[in-house]
Structure formats: structure tokens, C-alpha cells
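A.B. asks: have a look at this fold, sequence not included:
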């Protein structure tokens, strides 16, 4: 690590060498080792797992990793129960034992084990812990810790300040600096040491009404949401949509890449269940139907949240939902009304969504965003209800048609001696005016 010295410094070695401090904004993507960083942990993401197989690599969340480990153990137990050798192979081994020595039989068993292990590839993944750090200038970076020890995981918590020595600069991803912890990396917990001031980056639950705002720019493009699941779509182009709603009929779509089973949440995500989803990726997607956030390997989906801000929003939503069935019915009608129209825009306006969380403080940025939505709202609710009712009728008719199944294929009719009349062009009949 090279830094310019003071103009009055003497040439030569420093008598008391120290790690040179650096700011995140001054680090290049190929800067190599970084002497010392004084940062605060703004986000401690859940543990993810890296797998490399058949020349491809991917990251999986903890729930998806546990699902694969369970499936792998079940297949391994089934193989052990069936035995390593079949009946014919056992008889062959016994006859071979009579003719040859025990040493040759051990070679046969070793060959059988080798072939079974080659055919059955075990699932192996490397745990990775990702941290979002920020310095006093407000610059942030993602720090990856491969195979983090338990002692380090217990000391890392959001809001704590650390001095990190000898981290490695590993380029940029999505315009964010990526750092990697090496074997030389050292951590020094400085607690709430005075003399360092960092920007406020506390977690907050994003109201669903704000997701329809084009002016929504969450910190690091991440949102935490809470809602009631009222519809789960089928797989479509490698992803699956789950729709949630709050007690004010604000709708949000959650996109699970690979589907619920691939993400390992098919047992907790169901209709009429309340979900809290944190670390969702907000990519600026906006359409007339509803907004959409992406659930990534860093997201946490839970029906019993632990973070205080999620628990508060979870309890508030549960307290204000009086009738779950009625809310789901209204949400279905509203979503069907959205689907009937290409968008909710009517002469450049969208339907108004109620957001009392933002109305409590009219001077807050949240309230300003909601006011901008309300000013551009001129659509009428009765028209949407009529469209939703019409859509529901059409869907019921389509479901009745689906029950008949696919028709049998048509077979051609062969004429050995076709009549010449069949080749004549068709004449449109005209009504006789005299009759």
C-alpha cells in the first residue's frame, strides 16, 4: 500500500511503522491489501453458501442450503440401506474369495466404493458472510468473509465500529466496492469510541404504499416489507411471484428466482400467512399493476421476525386486520382489476393508495413521496370494481373450459374419387329480393 508522505518527512524507514489508514472512497478496484479501515457495520447479512459444480457456481441462502443438505442425506441413507453390493455381486465375491486371497477381494470392494462415489456426488458448499461497511465519509463497501469462525460471527452486529486491517480490494459489483477478508485480516472492536461520526443508516420497514412511487430511492436499493400473502402464482420464466397486501389494500409482488422450493421457503410461504421479508432488492421496477421487489440469497423470509422494527410492523399489521378472508377477497378483486388493464394509468394518473404511516409526519420524506402520489391520482374506484367483477366471471368460465381437457387431434379424410363439385369455389348465397 503506497501513500504520499508529508513534504517535511525524511527519506528512509519509519521508526514506528503503523498500518496506513485509508478511506473507502480512495480505494481502487485493484488496490490490493488495505492497511487500516475504520468503519461501522451497517448491515450484517445472513450466512450464504457458495457451490461450484460442473463448471458453474452459485450462491444459495441458508434455507435453500439446508434443503439440499437434507435431500442429500436422504439419498445417501437410501443408498446405504440398499447395500453396496447386489446379491449377484455378493455371490461373485464369495466365489472369488474361494479362489483368490483376501487381498484381491479387498481390491474389488475398493473398486465398488470408487464407482459408487463417482456416481453419487455429494453436495458441498462453502459458507460466506457478507457485511456492508461504511466509513466517516459515507462511502460504503461489501466485505466478504469466507468460512467465518463462530467467535467472529458472535462479535459482528449492526451498529458496532471496527478497525479492519489488511482487507483485500476485489473490484466492483453493481457500482459497489467489493472487499474480501484474508488470512491476514485482523479485527479490532472499538465499540462507541468518541471522535468518529457516521451517517445514520438504521433499518426501517418500507410501507407498501410507497412502492408505487417513482421517487422511492431506498438506501442501497434494499427494502424491508411486511404483508399478508393472498396469492401465489405458478412458475413463469424461471421465477415465481408471491403477492402480499396490507390492511389498506396496498399490494406488492415478491419475485422468487427459481421458485419457492428452490429458495427453501415453500413450507412457510402460503396463502393467509403473514410474512416479513428483509433485504429485498429494489431495482426500480414500476408498472401499472403493482410494484415488485426481488428476493435474493441475502433476503430473509420469516413468519416470526426477530428484529425490533419488523416485530413492530408485524404486530401492527396483525392488530389492524379484522377479517383475513374479506381482505384476501378484496385484494384478489383489486389485483384482477389491475390485470384487466394494461396499467392503472388513466390519462396519466394512478389509483391512490392510503398510507397513514406517512401521514403522521407531513414533513418527513415519506410523507412527501405519498403526497406526490396523491396529487397525480384521478381514477375512480367503482370502475375498477366493475372490471374486477367482470374479470372474475371470465376466469370462472375459463376454469370450466379447462376441465374438458385438450381435444383429440383431427384426422384427414381421404377421397379416392373426389367429385368435381368439391373443387369448385364457394359461392356466397344472396337473399332473393322477390321472395
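C.D. replies: Sure, I can see it. Predicted model, so just to flag it, every value in this text is computed and none were measured. Numbers count the residues shown, from 1 in each chain.
A.B. asks: can you tell me the closest non-neighbouring residue to residue 204?
C.D. replies: Among residues not flanking residue 204 along the chain, residue 309 sits closest, at 6.2 Å (CB to CB, 6 or more residues apart in numbering). From N, CA and C alone the C-beta is placed, and that goes for glycine too.
A.B. asks: what helix or strand is that neighbour on?
C.D. replies: helix 308-320 (DSSP states H and E).
A.B. asks: now for the next helix or strand after that helix, which elements pack on it?
C.D. replies: Scanning forward in sequence from helix 308-320 by DSSP H and E, the next helix or strand is helix 324-340. Counting contacts by 3 or more CB pairs under 8 Å, 6 or more residues apart in numbering; DSSP states H and E, helix 324-340 packs against strand 222-232, strand 239-245, strand 251-257, helix 381-402.
A.B. asks: neighbours of the residue nearest to residue 204, how many?
C.D. replies: Per other CB atoms under 10 Å, the neighbour tally for residue 309 reads 16.
A.B. asks: residues contacting it?
C.D. replies: Contacts for residue 309 (CB atoms under 8 Å, 6 or more residues apart in numbering) come out as 202, 203, 204, 205, 224.
A.B. asks: any idea how far it is from residue 326?
C.D. replies: Taking CB to CB, to the nearest Å as the measure, residue 309 falls 28 Å from residue 326.
A.B. asks: ok, and for the helix holding residue 309, which residues are buried?
C.D. replies: Judged by neighbour count (16 or more other CB atoms under 10 Å), helix 308-320 contains these buried residues: 309, 310, 313, 314, 317.
A.B. asks: can you redo those residues as CSV with pLDDT and distance to residue 279?
C.D. replies: What follows is those, written out as CSV (pLDDT from 0 to 100; distance: CB to CB, whole Å):
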residue, pLDDT, distance to residue 279
309, 91, 13
310, 92, 11
313, 92, 15
314, 92, 16
317, 92, 19
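A.B. asks: once you drop chain neighbours, what's closest to residue 257?
C.D. replies: Per CB to CB, 6+ apart, closest to residue 257 is residue 239, 5.1 Å.
A.B. asks: surely that neighbour touches residue 258?
C.D. replies: Yes. Contact criterion CB atoms under 8 Å: residue 239 and residue 258 qualify, at 7.3 Å.
A.B. asks: so how many other residues sit close to residue 208?
C.D. replies: Neighbour count of residue 208, defined by other CB under 10 Å: 26.
A.B. asks: direction included, what does the longest strand anywhere in the chain pair up with?
C.D. replies: Counting by DSSP state E, the longest strand found in the chain is strand 176-191. Strand pairing for strand 176-191, determined by DSSP bridges: strand 140-146 (parallel), strand 161-173 (antiparallel).
A.B. asks: could I get the buried residue list for the longest one?
C.D. replies: Residues of strand 161-173 classed as buried: 161, 162, 163, 164, 165, 166, 167, 168, 169, 170 (neighbour count, 16+ other CB under 10 Å).
A.B. asks: distance check, the closest residue to residue 310 other than its chain neighbours against residue 325.
C.D. replies: Spatially, and ignoring its direct neighbours in sequence, residue 310 is nearest to residue 276 (4.6 Å; CB to CB, 6+ apart). Per CB to CB, residue 276 is found 22 Å from residue 325.
A.B. asks: same check, this time on residue 50
C.D. replies: For residue 50 relative to residue 325 (CB to CB), the value is 43 Å.
A.B. asks: who has more neighbours, those two?
C.D. replies: With neighbours defined as other CB under 10 Å, residue 50 and residue 325 compare such that residue 50 has more, 17 against 8.
A.B. asks: show the contacting residues for the more buried one.
C.D. replies: 57, 58, 59, 125, 126, 127, 128.
A.B. asks: what about 10 Å?
C.D. replies: With contacts defined as CB atoms under 10 Å, 6 or more residues apart in numbering, the neighbours of residue 50 are 57-60, 65, 124-128, 144, 146, 297.
A.B. asks: can you check residue 294 too?
C.D. replies: Counting by CB under 10 Å, 6+ apart, residue 294 has contacts 221, 239, 253, 254, 255, 256, 257, 280, 281, 282, 283, 285.
A.B. asks: and the gap between the residue nearest to residue 203 when sequence neighbours are not counted and residue 268?
C.D. replies: Once flanking residues are discounted, residue 203 sits nearest to residue 309: 5.2 Å by CB to CB, 6+ apart. In this view, residue 309 and residue 268 are 20 Å apart by CB to CB.
A.B. asks: these two touch, right, residue 182 and residue 168?
C.D. replies: Yes. Counting by CB atoms under 10 Å, residue 182 does reach residue 168; the two are 5.3 Å apart.
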